[in-house]
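Student: Have a look at this prediction, sequence included:
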Amino acid sequence: MKCVTRTTFSLIFAIAASSAVFLVASSLLAQPGPREDAAQKLSASAIQVERTDPPEGLVIPEDFRVSTYENVILQLEKTKKFQHVYRSGDRTAANVSDLVILRLIPQAFKEGSQKKREVSTVSGSTRIKVKVQFTTRDGRVLLEKDLEGKVRFYGENLRATYDFSKKVAAVVNDSF
């Protein structure tokens, strides 16, 4: 009987010790360390927003493309991180020495249905996925992220472009 008790005690002790080691290790891994991107804040006095055509085979209605572009410009101006926000093709941007170029590269698009969203919370969502690329004038990539705008419950389909532009503004606030 003593042998069984000693074996049981040893087993319980081994399990408890390994659990303690696991908890300590996982808490050390979960602690946030210094963020890489926080130490490397970008700076620029101006930004130029460039639209790019979607890849072949990806059809995005023009109203979504225009709405995305206009909402991004509006949200960039609201961040107040840049003295000037230039549109694509603006010639006055050529004189800016520390200009950052933001390219909006469409990746995916799913047009939903406002009526389906209002009736059911499961279907009808609209999603637009765009790669945002912050580059220098010579094409060197400073920052690149895939962002997604969506409208799932209530609102017009174009609301997905507003959601996307708010995410772009959040990236700018975090990175500049």
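Tutor: Everything's here; your move.
Student: excluding its backbone neighbours, what's nearest residue 45?
Tutor: Spatial nearest neighbour of residue 45, excluding adjacent residues (Cβ to Cβ, 6 or more residues apart in numbering): residue 83 at 4.8 Å. C-beta: built from backbone N, CA, C; applies to glycine.
Student: Just give me the neighbour total for the one you found.
Tutor: Residue 83: 10 surrounding residues under other Cβ atoms under 10 Å.
Student: Ok, residue 156 next?
Tutor: Other residues lying near residue 156 total 13 when counted by other Cβ under 10 Å.
Student: which non-adjacent residue is nearest it?
Tutor: Using Cβ to Cβ, 6+ apart and skipping residues adjacent in sequence, the residue nearest residue 156 is residue 114, 5.9 Å away.
Student: Tell me the confidence at the residue nearest to residue 45?
Tutor: pLDDT recorded at residue 83 is 92.
Student: Same question for stretch 85-100: list its buried residues.
Tutor: 85, 86, 88, 93, 96, 99, 100 (16 or more other Cβ atoms under 10 Å).
Student: out of these, who's nearest residue 56?
Tutor: Distances from the buried residues of stretch 85-100 to residue 56 were compared by Cβ to Cβ; the smallest belongs to residue 88, at 20.8 Å.
Student: Great, nothing more from me.
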